[in-house]
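Q: Test case, fold it:
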Amino acid sequence: MRFRALVISCFLCCAVTGLGQQKEPRLFDKITDDLPCGDAMARLDYFFTEITDNEPNLRGLAIYYEGSYRETKYSRGGEKLAERTMAPVFGEAQNRIGWLQKYVNFRRFPKNRPAFVSGGYRTNFTVELWLVHRNSQNPKPKPDIVDIRFRNGAFTEFHCN
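A: Numbering: from 1, shown residues only. Below you'll find the model as predicted:
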């Protein structure tokens, strides 16, 4: 009898302790400038499916870091002709964020489930996709550079074909 009471009390203590704990945010995926558009869209679909269908207690957080990106030129036949690293134009990351928000709308994912946050500057353009439990704090952005040099000129609207 005492053993059974001890087991039940241990179980209840563990259950109550587990209820009050917050789960840490989890890095789900990263999207970088060298990822082909089709792959980036597939990863976004998987991310949005995870936060809308599979885990109702999760919300998504996308942290965007402005930075350099690779520009690749291809021939009409699809052969890579040249590749170079380009410094960003001011506001270019915001433009890419706009494209991803349009993609969320196009795919009819709930607008309140993913949040889009600017994370500052990194050496290369990066988007981190985080899974955050409803009662948890958002992860803090971790830029790796403080000052960035932008190239002059205007950016053209970002399209992912």
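
Q: pull the longest strand from this protein.
A: Using DSSP state E, we find that the single longest strand of the chain is strand 58-74.

Q: Figure out how far it is from the centre of its chain.
A: Averaging C-alpha positions (C-alpha atoms, centre = their mean, to the nearest Å) puts strand 58-74 9 Å from its chain's average.

Q: ok, that strand: who's next to it in the sheet?
A: strand 80-86 (antiparallel), strand 114-124 (parallel), strand 126-133 (antiparallel) (DSSP bridges).

Q: got the buried residues for the last one?
A: Along strand 126-133, these residues count as buried under the neighbour rule (16 or more other C-beta atoms under 10 Å): T126, V127, E128, L129, W130, L131, V132. All C-beta atoms are positioned from the backbone trio N, CA, C, and that covers glycine.

Q: wait, which of these is closest to Y103?
A: Taking C-beta to C-beta as the measure, Y103 sits nearest to V127 out of the buried residues of strand 126-133, at 11.8 Å.

Q: Quick check: pLDDT value at the residue nearest the centre of the chain.
A: Centroid-nearest residue in the chain, with C-alpha atoms, centre = their mean: L129, separated by 2.1 Å. Per-residue pLDDT puts L129 at 94.

Q: One more: H133?
A: Per-residue pLDDT puts H133 at 90.

Q: before we move on, what about L27?
A: For L27, pLDDT reads 94.

Q: And it, how far from Y65?
A: Separation of L27 from Y65 (C-beta to C-beta, to the nearest Å) stands at 13 Å.
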